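S.K.: Only the shape, not the letters, is given here:
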Ligand code: PEP
């Protein structure tokens, strides 16, 4: 296990009505209450953020949004600003999830704007990257990761990286039940850390937490977290049940 503090976050995506989300948060709290050596966060859908934030107050579980727009307020129908996320108790937001890249069509340049605006607004960022199956099979995985890292983090300083976590999420492993092997994940994480070193220097690279995401479950979490460069998880499906998410957290503790 790496020296960096492990960070496990749950991405609840577009799931759970408010009452269901609060129940999930309430159920989760006691299951991870004794964990002090892992940072824990959940990212509910917007409508549930305020209520979940209240339910988690005083607990060791942080709150995150799933996205954030590039303006503080104004005529941007349907969008949410970092300031609004902070207002309901979020300390994190996800930016660049593959569903936003590939379903909503968000570009590297736009995601870079989002990362910069989020950091300027004082919210921490989980920045997601990851290759498609055809990119992996076609041998361009590293080119894709490099493009996403270079363009997505353009204009940031090494100091900014203190407030950024990178989530490596191979798109072919998200929601498919197919997990990257520990070797595949470690190889990608080593590559990403090397890119960070080239751009931001050795200290920033050594300190950066790189989460893995893609069908993480209680039964594969331990072997993944055992690898040197895997510093936590961004969990989708298994985060929707308190016991499976807690089991993943506890596998890292
Ligand atoms: C995700 O969407 O970030 C994710 C990793 O999903 P899942 O765990 O369901 O593959």
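M.R.: Here it is on my side, so go on. This is a predicted model, so every value here is computed, not measured.

S.K.: Which residue does the protein have closest to the ligand?
M.R.: residue 236 (2.2 Å; Cβ to the nearest ligand atom). Using the backbone N, CA and C atoms, a C-beta is placed for each residue, glycine as well.

S.K.: Okay, now stretch 48-68: how far is its last residue from its first?
M.R.: 16 Å (Cα to Cα, to the nearest Å).

S.K.: Could I get the buried residue list for that stretch?
M.R.: Of the residues in stretch 48-68, 48-49, 51-53, 55-56, 59, 61-68 count as buried by neighbour count, 16 or more other Cβ atoms under 10 Å.

S.K.: What of stretch 67-78?
M.R.: Within stretch 67-78, the residues that qualify as buried are 67, 68, 69, 70, counting by 16+ other Cβ under 10 Å.

S.K.: Residues of the protein that sit close to the ligand?
M.R.: By the rule Cβ under 6 Å from any ligand atom, the part of the chain lying against the ligand is 11, 169, 174-175, 213-216, 234-238.

S.K.: Mark which of these are buried, thanks.
M.R.: 11, 169, 174, 213, 214, 215, 216, 234, 235, 236, 237, 238.

S.K.: returning to what we had before: from the buried residues of stretch 48-68, which ones fall inside strands?
M.R.: 61, 62, 63, 64, 65 (DSSP state E).

S.K.: can you count the residues close to the residue lying closest to the fourth one once chain neighbours are set aside?
M.R.: For residue 64, the nearest residue in space outside its immediate sequence neighbours is residue 92; the separation is 3.4 Å by Cβ to Cβ, 6 or more residues apart in numbering. Applying other Cβ atoms under 10 Å, we find 25 residues neighbouring residue 92.

S.K.: Next, find the distance separating residue 92 from residue 190.
M.R.: Separation of residue 92 from residue 190 (Cβ to Cβ, to the nearest Å): 25 Å.

S.K.: ditto for residue 146
M.R.: Distance from residue 146 to residue 190, by Cβ to Cβ: 13 Å.

S.K.: Would you mind listing the outside residues contacting the helix or strand residue 224 falls within?
M.R.: In the assignment (DSSP states H and E), residue 224 maps to helix 218-225. For helix 218-225, the surrounding residues in contact (Cβ atoms under 8 Å, 6 or more residues apart in numbering) are 1, 6, 179, 182, 185, 212, 216, 230, 232-233, 238, 244, 247-248, 251-252.

S.K.: Tell me which residues of it come out buried.
M.R.: Neighbour-count burial for helix 218-225 [16+ other Cβ under 10 Å]: 218, 220, 221, 224, 225.

S.K.: now stretch 17-34: mean pLDDT?
M.R.: In this model, stretch 17-34 carries a mean pLDDT of 98.

S.K.: contacting residues for residue 180?
M.R.: Counted by Cβ under 8 Å, 6+ apart, residue 180 has contacts 170, 173, 188, 212, 214.

S.K.: Give me the next element, helix or strand, following the helix holding residue 224.
M.R.: strand 232-235.
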